[in-house]
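[1] Dropping the sequence and predicted coords here.
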Amino acid sequence: MQIQVAQRLQHTEEYYFSRKLREIEALNQTGAKVINLGIGSPDLPPHPEVIETLHEYATRPDTHGYQNYRGILPLRQAIADWYRRWYGVSVDPHVNVLPLIGSKEGIVHVCMTYLQEGDEALFPNPGYPAYAAAVRLSGATGIPYDLDEKNGWLPDFNELGKRDLSRVKMMWLNYPHMPTGTPATAAFFSEAVAFAKQHNILLCHDNPYSFILNDKPLSLLATQGAMDVAIELNSLSKSANMAGWRLGMLIAEEARIQEIIRFKSNMDSGMFLPMQMAAAKALSLGHEWYDELNTTYRERREKVYRLLDTLGCTYSREQVGLFIWAKVPTAYADGYALSDAILHESRVFITPGGIFGDGGERYIRVSLCATASVLDDAYKRIVNVDNP
């Protein structure tokens, strides 16, 4: 018996990394283990006190039931305190904060809450593929806006303003930007808020990388008037090494929180209470935690630079976040060609930039989520192969 998938999935492919991991596993079965420098899944553990908090609450008999759809108040308060302490943003934990089971689900929740057939939504090219996928699943039409190296990987709001934006309901932003590592400035965020107000567009800012190799974490919501036109998603996946825990958050004005809950409450039944308490502990960590984390990533980044130099790639040293974005040499047709060559000749996987949109086809992205010794091994494998 054959049952067709729903129309909403007709043009939605399996996530690239899901397919690639199967290919890597097949190569692993044939011999040398592939070194995966593609995915930004932190290999470092959370702070010991975070794990202790999880254990403490998980051993209690009264913490295993269904939880409030809006999350427990101690977690919402911890999120509000975190935003005030690090971003200078004051929010009310009772009405402006919504914990998420990972910020990726929040991308879908936001799109499903506000978009439908006939609407349009702007998303970055290159950019995180989940934005385009969530827009498509909502039934709306995704409109890519191009980012390029000449403009510092920032959108050109003047050019965007010349388009017909009458059907555009939403715009996805992501700074520090993934995959290019471009940090935002307060002036850029002010320009984004002004653009959204002028064109009556809901600005959705995805902000999971602001603490990685970045001395000045910024939130779009610190911009005057931003709460009127914007939603911000954030996450503990990178900043607290809790990617597999699936802990995120959404900050918005009260009316939008209520609207998004109308969709979200039909999708899940709340987060495991011990994880919420552990998340609150992670959010209370001070400068020492982030300083130690970034010391490790700085050491790794230097090793990635060496690897990229060997490949003849060019890159900016002003990048922040968990990856290094680099332009491939002209000897290769595109980032896919270089990625495939390294994978099959050196058993090292590096992400081709084209998976983030055609604006990234001449680039590759290298993850910092590998130990110094693994990065040294990857370098040795690559230099021992004659590359074109």
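    Received it, and whenever you're ready, just let me know what you need. None of the values given here were measured: they were computed from a predicted structure.
[2] My guess is Asn96 contacts Arg256. True?
    No: look at Asn96 against Arg256 with C-beta atoms under 8 Å: they stay out of range, at 9.1 Å. For every residue, glycine as well, the C-beta is placed using N, CA and C.
[3] Return the distance of Ala121 relative to Glu318.
    29 Å (C-beta to C-beta, to the nearest Å).
[4] Could you check which of the two has the larger neighbour count?
    The neighbour comparison of Ala121 against Glu318 (other C-beta atoms under 10 Å) goes to Ala121, with 27 against 9.
[5] how many other residues sit next to Ile107?
    When neighbours are defined as other C-beta under 10 Å, Ile107 has 23 of them.
[6] Could you list every helix and strand that the helix or strand hosting it packs against?
    Following DSSP states H and E, one finds Ile107 within helix 103-114. For helix 103-114, the packing partners by 3 or more C-beta pairs under 8 Å, 6 or more residues apart in numbering; DSSP states H and E come out as helix 129-138, strand 168-173, strand 202-206, strand 230-235, strand 248-251, helix 254-264.
[7] Quick one: distance of the first one to the chain centre.
    Going by C-alpha atoms, centre = their mean, to the nearest Å, the spacing between the C-alpha centre of helix 129-138 and its chain's C-alpha centre is 14 Å.
[8] Follow the chain on from it and name the next helix or strand.
    Taking DSSP H and E as the definition, the helix or strand right after helix 129-138 is strand 141-146.
[9] quick one, what contacts Gly244?
    For Gly244, the contacting residues are Ser41, by C-beta atoms under 8 Å, 6 or more residues apart in numbering.
[10] confidence score at it?
    The per-residue pLDDT reported for Gly244 equals 94.
[11] Let me know the secondary structure of it.
    Here Gly244 is helix, with the state taken from DSSP: H, G, I helix; E, B strand; the rest coil.
[12] now Gln67
    Reduced to three states by three-state DSSP, Gln67 is coil.
[13] wouldn't it be in contact with Ser269 here?
    Yes: with contacts counted by C-beta under 8 Å, Gln67 reaches Ser269, the gap being 7.3 Å.
[14] quick revisit: so can I have CSV of the helices and strands packed on helix 103-114 showing mean pLDDT, distance to Glu299 and mean neighbour count?
    Shown next, in CSV, are the helices and strands packed on helix 103-114 (pLDDT from 0 to 100; distance: least, C-beta to C-beta, whole Å; neighbours: other C-beta atoms under 10 Å):
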stretch, mean pLDDT, distance to Glu299, mean neighbour count
helix 129-138, 95, 29, 21
strand 168-173, 98, 30, 24
strand 202-206, 98, 27, 25
strand 230-235, 98, 24, 26
strand 248-251, 98, 28, 26
helix 254-264, 96, 39, 16
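[15] right, and those - which one's nearest Met242?
    Met242 lies closest, by C-beta to C-beta, to one member of the helices and strands packed on helix 103-114: strand 230-235, at 8.4 Å.
[16] Could you export the helices and strands packed on helix 103-114 as JSON lines, including distance to Ile39?
    JSON lines is the format used below for the helices and strands packed on helix 103-114 (distance: least, C-beta to C-beta, whole Å):
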{"stretch": "helix 129-138", "distance to Ile39": "13"}
{"stretch": "strand 168-173", "distance to Ile39": "21"}
{"stretch": "strand 202-206", "distance to Ile39": "17"}
{"stretch": "strand 230-235", "distance to Ile39": "15"}
{"stretch": "strand 248-251", "distance to Ile39": "18"}
{"stretch": "helix 254-264", "distance to Ile39": "26"}
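[17] Return the alpha-carbon coordinates of the helix or strand that Ala378 is a member of using CSV.
    For Ala378, the host element (DSSP H and E) is helix 372-383. What follows is helix 372-383, C-alpha atoms only, in CSV (Å, rounded to 0.1, in the frame of the first residue of the first chain):
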residue,chain,number,x,y,z
ALA,A,372,42.6,20.0,19.9
SER,A,373,44.0,16.5,19.4
VAL,A,374,41.2,15.7,16.9
LEU,A,375,41.9,18.9,15.0
ASP,A,376,45.6,18.0,14.9
ASP,A,377,44.7,14.6,13.5
ALA,A,378,42.4,16.1,10.9
TYR,A,379,45.2,18.5,9.9
LYS,A,380,47.7,15.6,9.6
ARG,A,381,45.3,13.6,7.4
ILE,A,382,44.7,16.5,5.1
VAL,A,383,48.4,17.5,4.6
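[18] how about it: buried residues?
    By 16 or more other C-beta atoms under 10 Å, the buried positions in helix 372-383 come out as Val374, Leu375, Ala378, Tyr379, Arg381, Ile382.
[19] So which of those residues is the closest to Phe188?
    The shortest approach to Phe188 among these belongs to Leu375, at 31.8 Å (C-beta to C-beta).
[20] My guess is the closest one contacts Arg300. True?
    Yes: look at Leu375 against Arg300 with C-beta under 8 Å: they come within range, at 6.0 Å.
[21] Can you give the domain ranges for the protein?
    Split into domains by automatic domain parsing, the chain comes to 7-45+288-383, 63-283.
[22] so what's the residue nearest the centre of the chain up against?
    In the chain, the residue lying closest to the centroid (C-alpha atoms, centre = their mean) is Pro208, at 5.5 Å. The contact partners of Pro208, by C-beta under 8 Å, 6+ apart, come to Ser103, Met178, Leu233, Asn234, Ser235, Ser237, Lys238, Ser239, Gly248.
[23] ok but it is inside a helix, no?
    No: assigned with three-state DSSP, Pro208 falls outside any helix and is coil.
[24] Just the pLDDT for it.
    96.
[25] Please name the nearest non-neighbouring residue to it.
    Ser235 (3.9 Å; C-beta to C-beta, 6 or more residues apart in numbering).
[26] What's opposite that neighbour in the beta bridge?
    Beta bridges link Ser235 to Gly248 when assigned by DSSP bridges.
[27] With that, I have no additional questions.
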